[in-house]
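Trainee: Predicted model and sequence follow; I will ask about them next.
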Amino acid sequence: MDPLEHGDLTVVDGLQINNWDRKVLEELKAGGVTGVNATCAVWEGPQETLRAVADWYELARDNADLVVLAENADDIRQAKRDGRLAVLLGFQNTSPFGDDYRMVEVFHRLGVRIAQLTYNIQNLVGGACYDEHDSGLTAYGRFIISEMNRVGMLVDLSHVGNRTSRDAIDASAGPVAITHANPLSFADSPRNKPDDVIDALAARGGVLGCCLYPNVIGGEKTTRRQFCEMVAALVERIGPDHVALGSDCTRNWSQDYVAWLRNGRWRPASAVPVEPQWPVWPNWFGGPADFPVLTEGLLEVGLDETVVAQVLGGNWLRLFDTVFPGAGQ
């Protein structure tokens, strides 16, 4: 049997938050990426998010030879056959829903398929990873999760507090995801997850997207082998069905955008003593065009070809098959 080639895989990235244009889309294609959860809202409210979704409609229409907006896993599989990139629209916060649970269905009908419950600080749904005290999932948060389950929108716990994450895993009728984080034991960051959260996620059929963002891998000096060994150890501990990738790529942004991500409108920039800066990425992974090195690295640390195919995309596809049809009433 011929050895596994990166181009043979249906590669799915659990999250990227790029400033999207044709050049960035071509970077993903160069890296062999077929499907991606593309963040189109973080701090935006409902009206601003509508414009962001409309921007994606326009970008997809203007680059139809390269990209298609996807609504399910089969759309990603078809994009692989067509040589195109399938984009799943996603949120990194529930701020687009405002204080109205019905907005879940509205945005689902517009094509949004993934939503993170909180982004770094407490909101109406629950606590976040940088809160000093995580209050847990709120009553409103339970209605949001119930609606997401009903319509078929994946619950993402990446920037969510640990108590709220455990509450959300228990509250959800189906499996949920951590699209872009790592085990806390690998790198000590509030954004990473302790074993009890990861174990609960896997026990309910969820998927963890191991993340390449420098702040959650221990910085730019972390090697490819260290990262891939972490992925392999996670596969060994929680099983090959529950591990994937979520790069958290941030291509094509100015320096100002990182300040917006950190501060939103909830605090003035002057409240932060040091101006936020984009971190330096490791020399072996600088963006989506470098995805082939991950296939090489995972094979080098001893994962077999079947498991590598699962981690690079198969596990996301299976989770999407489970969640996106929705649970109905």
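Mentor: That came through fine.

Trainee: any idea where the strands of this structure begin and end?
Mentor: 11-16, 33-41, 67-69, 85-91, 112-116, 154-156, 177-178, 207-210, 243-245 (DSSP state E).

Trainee: Kindly reformat those strands as CSV and extend each row with distance to Leu25.
Mentor: Every residue, glycine included, has its C-beta placed from N, CA and C. Putting the strands of the chain into CSV (distance: least, C-beta to C-beta, whole Å) gives the following:
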stretch, distance to Leu25
strand 11-16, 11
strand 33-41, 10
strand 67-69, 5
strand 85-91, 6
strand 112-116, 19
strand 154-156, 22
strand 177-178, 23
strand 207-210, 20
strand 243-245, 19
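
Trainee: how about TSV for those, with distance to Leu137 and mean pLDDT added?
Mentor: What follows is the strands of the chain, written out as TSV (distance: least, C-beta to C-beta, whole Å; pLDDT from 0 to 100):
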stretch	distance to Leu137	mean pLDDT
strand 11-16	21	98
strand 33-41	21	98
strand 67-69	30	98
strand 85-91	17	98
strand 112-116	14	98
strand 154-156	11	99
strand 177-178	15	99
strand 207-210	19	98
strand 243-245	24	99
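
Trainee: Dump these to TSV, plus distance to Lys193 and mean neighbour count.
Mentor: As requested, these are exported to TSV (distance: least, C-beta to C-beta, whole Å; neighbours: other C-beta atoms under 10 Å):
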stretch	distance to Lys193	mean neighbour count
strand 11-16	14	28
strand 33-41	18	26
strand 67-69	30	21
strand 85-91	19	26
strand 112-116	13	25
strand 154-156	12	28
strand 177-178	6	30
strand 207-210	7	27
strand 243-245	13	26
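
Trainee: can you pull the contacts of Pro183?
Mentor: Listed by C-beta atoms under 8 Å, 6 or more residues apart in numbering, the contact set of Pro183 reads 192-195, 198, 230, 234.

Trainee: From those, which land in helices?
Mentor: Judged by DSSP state H, the contacts of Pro183 include 195, 198, 230, 234 as members of helices.
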